[in-house]
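Visitor: Would you be able to build a 3D model of this:
(3 chains)
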Amino acid sequence: MHEPSKSLDDLLNELNPQQREAVTAPPGPVLVWAGPGSGKTRVLTYRIAYLVLGLGVSPWNILAVTFTNKAAREMKERLGPLLGIRAENLTVGTFHAFCARFLRLEHTYHPFGQRFVIADTEDQRRLLKQAMEDVEVSDVIYPLASVHAAISRAKNEGIWPKGFPTSSPRQRTIARIYRRYQELLLASKAMDFDDLLLWAVRILEENPGVREKWAERYQHILVDEFQDTNMLQYQLARLLAQKHRNLFVVGDMDQAIYSWRGADYRNLERFQKDFPEARTIPLEENYRSTQHILDAALGVIRPLHRRPKRLFTRKGRGAKVTLKYVNNPYDEADFVIETLLALTRRGEARLGDFAIMYRTNAQSRVLEERFLAHRVPYHVVGTQRFYGRKEVKDLLAYLRLAYNPEDESSLLRVINVPPRGIGMKTLALLRNLARRMGSASGLVLLELARKPEAFRDGLSGRSRRVLMQFASLLAELVELGATLSPLALLDWVLENIAYRAYLEKESRTSEEFTQRWSNVEELRRLAGDYPAGGLEAFLEDVALVSDQDTLGDEGAPTLLTLHAAKGLEFPIVFIVGLVEGLLPHSRSTTQEQVDEERRLFYVGITRAKERLYLVVPESRWAFGEWEPLKPSRFLQDLPVEVLTGDVDRLFPQAVVRRRQRRKAAPMRPPVYRKGMRVRHPRWGLGTVVDVEDAGGDQILMITFTDGRTRPFLASMAPLEPVD
DNA sequence: GCGTGGGAGACATGT
DNA sequence: TCTCCCACGC
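Guide: Alright, predicted model coming up:
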């Protein structure tokens, strides 16, 4: 237990004028435009410290929403020394984690009960598949992924099954699947990621008493990565902040890279409309990168802007950005590894200083292969690497069943793992029984364990015997789950299902077994962090882990996707696979999607502090032949003067001369001014009545022919000037 | 009635 | 490379 070590004045003196303005802004809505590396986290942290130490706000009344659990943990750690013991009363977490907690506390307002589980992607797919079978829709005509996307999109827009559009046959079909999917989730006492938000918002909207209670609790709300919030997340923040109006949001539209997951840039417009008195503060000094890196980044997003984004650094020009052409992904990996080894040998860097970023997870394979071949350690960021393993999922399914035996997904997953003679036939028997009793399979089994004689008619012979065996295991599991710590429970499971022997038998090689068993040990280590009674917390944390939460191993190079790199920084960054088809990805076809890919590149570049390497493979082995690749179009927008390496490959001399005359890629016109006439695809003709500059962008107020005035962000809104 | 093995297809990003 | 599905054998 420590007391604050710094005074408030000490803290404020550590800030630049823009940061200080944001941190000390009077209560009320605040919008901070934070360029990359501009000290955003520091501003959020110090803002909280300022609220507590400067304005006397109780930490109990503060809610800070971060993008990942890791960010939440770091924020709390940073606030510890500033606020002392009081930091523990803060609420810091992701939207999803907050909603899960909210929904457990307010369980009387929804039908899932207090002990609902969170459906992971696999559960969702499984239930969706079941739903499609139930309503007799073929997954050939309606691919699972597209149905899933449609339902998720609807949920993120706040649309329930009964509000789902029905104007086309396709929509009517998806509406039926959606309805059935929700029924199956409810029957499993499971919520998917979107449901957490959907239900939280619904409860707050429909119950003034609940809303009042929570709004009174959270008098100050701070939201990080505001550009990547979806509509429901914004609604949640708005509902909680409506009363006290102390909503402090931080974001950077140039780092908006999650629209495919429902993130909605219009939240900015919604914010401006709902909180017209909001103060806007840009953070323009970059403390992370050298000028060359920053110029490369600014060049890449220049075409997205009407006027240059302002970002500067005092770190000096630094090394030029290295552009490297290689034959193929193998040479690419070797280039990365050889460069990184050379720098480490010369003592210019340590292995932990490097990050290698790519567009798709599949690209990590060749890299890993070469790292292994060179015997260089590395670390891959991503939940699937660990939480996607069969052994981890199996064991977690047992723990989930202990917590909630109604969890059908988990039951189906482990009822025959290890094999205990329960196949399709026996399973169908059990599920029919459950359907007839209007109960979950797990509950039927518990009943069977308690009163075997009650099932004399429905079950017999072999099926009865094997189900009885599993039922008594389940009964014991549920009983122990209530008292044991997650680790003790996990060990009980391992012991009782002889999982080690099973894994040994399943593994084809002893190396494979060693690897898989080490995953089990890792899971034990994670479970060990939770006390008796901590099963709920453990399962919830595991369900909501983000890729970044799997960061670690600071002594080795980090391999990660560009998406996972958001919010991180590394002294030396390699971005590989900079070719058409990968970046922008071939599936990104519309202008908006390509713009998002461009921002993704920008995010990657701005992670680098000292050095940046951009690597272009010229071919790859695909579908049984070598496929020639074209350099990413985004490379064309790099300022030639910040580049070194294979620059002549990218810019033949003629182009260089032309570029030098022109200096840089053109920006996307126009710059908006008051009085300009514009057209919007939805609202029609309008007039710009107000323009506010915001971090290289413009916030426009536009009055349309319907007489309404609406706010827009110039770079994001689909506006067209009209002569 | 259940387990296993082989073949086919898939791979965007992720809470 | 991994996963899913189907067919076949015990």
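
Visitor: Around DNA strand B, which positions in the stretch 201-350 of chain A sit nearby?
Guide: With Cβ under 7 Å from any atom of the strand as the criterion, the stretch 201-350 of chain A meets DNA strand B at residues A:257, A:260-261. Where C-beta positions appear, they are placed from N, C-alpha and C, glycine not excepted.

Visitor: For those, which ChimeraX command selects only the ones that are buried?
Guide: Command for ChimeraX, covering only those of these found buried under the criterion 16 or more other Cβ atoms under 10 Å:
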select /A:257
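
Visitor: In CSV: the residues of the stretch 201-350 of chain A next to DNA strand B, plus distance to A:Glu133.
Guide: Formatted as CSV, these follow (distance: Cβ to Cβ, whole Å):
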residue, distance to A:Glu133
A:Ile257, 35
A:Trp260, 27
A:Arg261, 27
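
Visitor: now, among the residues of the stretch 201-350 of chain A next to DNA strand B, which is nearest to DNA strand B?
Guide: Nearest to DNA strand B among these is A:Trp260, at 3.6 Å by Cβ to the nearest atom of the strand.

Visitor: how far away is the closest one from DNA strand C?
Guide: 22 Å (Cβ to the nearest atom of the strand, to the nearest Å).

Visitor: And the pLDDT for that residue?
Guide: Looking at A:Trp260, its pLDDT reads 88.

Visitor: contacting residues around it?
Guide: Going by Cβ atoms under 8 Å, 6 or more residues apart in numbering, A:Trp260 touches A:593, A:596.

Visitor: run the last query once more with 6 Å
Guide: Counting by Cβ atoms under 6 Å, 6 or more residues apart in numbering, A:Trp260 makes contact with nothing.

Visitor: any idea of the pLDDT on the residue most central in space within chain A?
Guide: When Cα atoms, centre = their mean is applied to chain A, the residue found nearest the centroid is A:Ser546 (6.0 Å). A:Ser546 carries a pLDDT value of 82.

Visitor: pLDDT weak spots in chain A?
Guide: Residue ranges of chain A with pLDDT under 70: A:1-5, A:457-458, A:460, A:553, A:623-625, A:653-670, A:695-696.

Visitor: of all the residues in it, which ones are close to DNA strand C?
Guide: Counting by Cβ under 7 Å from any atom of the strand, chain A comes close to DNA strand C at A:122, A:365, A:369, A:388, A:390.

Visitor: What about the residue of chain A found nearest DNA strand B, how many residues nearby?
Guide: Closest to DNA strand B within chain A is A:Gly423: 2.3 Å, counting by Cβ to the nearest atom of the strand. A:Gly423 is flanked by 13 other residues according to other Cβ atoms under 10 Å.

Visitor: now do the one 3 residues further on
Guide: When neighbours are defined as other Cβ under 10 Å, A:Thr426 has 22 of them.

Visitor: Hmm, A:Arg464 and it touching each other?
Guide: No. A:Thr426 is beyond contact range of A:Arg464, at 9.1 Å (criterion: Cβ atoms under 6 Å).

Visitor: In which helix or strand does A:Leu323 reside?
Guide: In the assignment (DSSP states H and E), A:Leu323 maps to strand A:321-326.

Visitor: contacting residues around the next helix or strand after that strand?
Guide: Using DSSP H and E, the next helix or strand after strand A:321-326 towards the C-terminus is helix A:329-345. Applying Cβ under 6 Å, 6+ apart, the contact partners of helix A:329-345 are A:324, A:326, A:349, A:351, A:354, A:356, A:366-367, A:370, A:374, A:376, A:574, A:576, A:615, A:617, A:620.

Visitor: So which of these are in helices?
Guide: In this view, the contacts of helix A:329-345 that belong to helices under DSSP state H are A:366-367, A:370.

Visitor: Can you check those and name whichever has the most neighbours?
Guide: A:Leu367 (25 neighbours).

Visitor: nearest spatial neighbour of that residue, skipping sequence neighbours?
Guide: Leaving aside its sequence neighbours, A:Leu367 sits nearest to A:Ala333 (Cβ to Cβ, 6 or more residues apart in numbering; 4.8 Å).

Visitor: Closest residue of chain A to DNA strand C?
Guide: A:Arg365 (5.7 Å).

Visitor: Tell me how far that residue lies from A:Tyr530.
Guide: Distance, A:Arg365 to A:Tyr530, by Cβ to Cβ, to the nearest Å: 33 Å.

Visitor: Counting neighbours, go ahead and name the busier of those two.
Guide: Between A:Arg365 and A:Tyr530, counting by other Cβ under 10 Å, A:Tyr530 is the more crowded of the two (17 against 11).

Visitor: what about that one, which helix or strand?
Guide: With secondary structure defined by DSSP H and E, A:Tyr530 is part of neither a helix nor a strand.

Visitor: swap in the one 10 residues further on?
Guide: Using DSSP H and E, A:Glu540 sits within helix A:535-543.

Visitor: try A:Gly442
Guide: helix A:441-450.

Visitor: Same question for A:Trp626.
Guide: strand A:625-628.

Visitor: That strand pairs with which strands, and in what direction?
Guide: strand A:619-622 (antiparallel) (DSSP bridges).

Visitor: Contacts made by the partner strand with the rest, please.
Guide: Taking Cβ under 6 Å, 6+ apart as the rule, strand A:619-622 contacts A:328-329, A:626-629.

Visitor: Stretch A:456-474 too?
Guide: Residues contacting stretch A:456-474 (Cβ under 6 Å, 6+ apart): A:420-422, A:426, A:429, A:433, A:445, A:448-449.

Visitor: go on, stretch A:310-322?
Guide: So stretch A:310-322 is contacted by A:35, A:284, A:286, A:290-292, A:294, A:296, A:611-613, A:642-645, A:696 (Cβ under 6 Å, 6+ apart).
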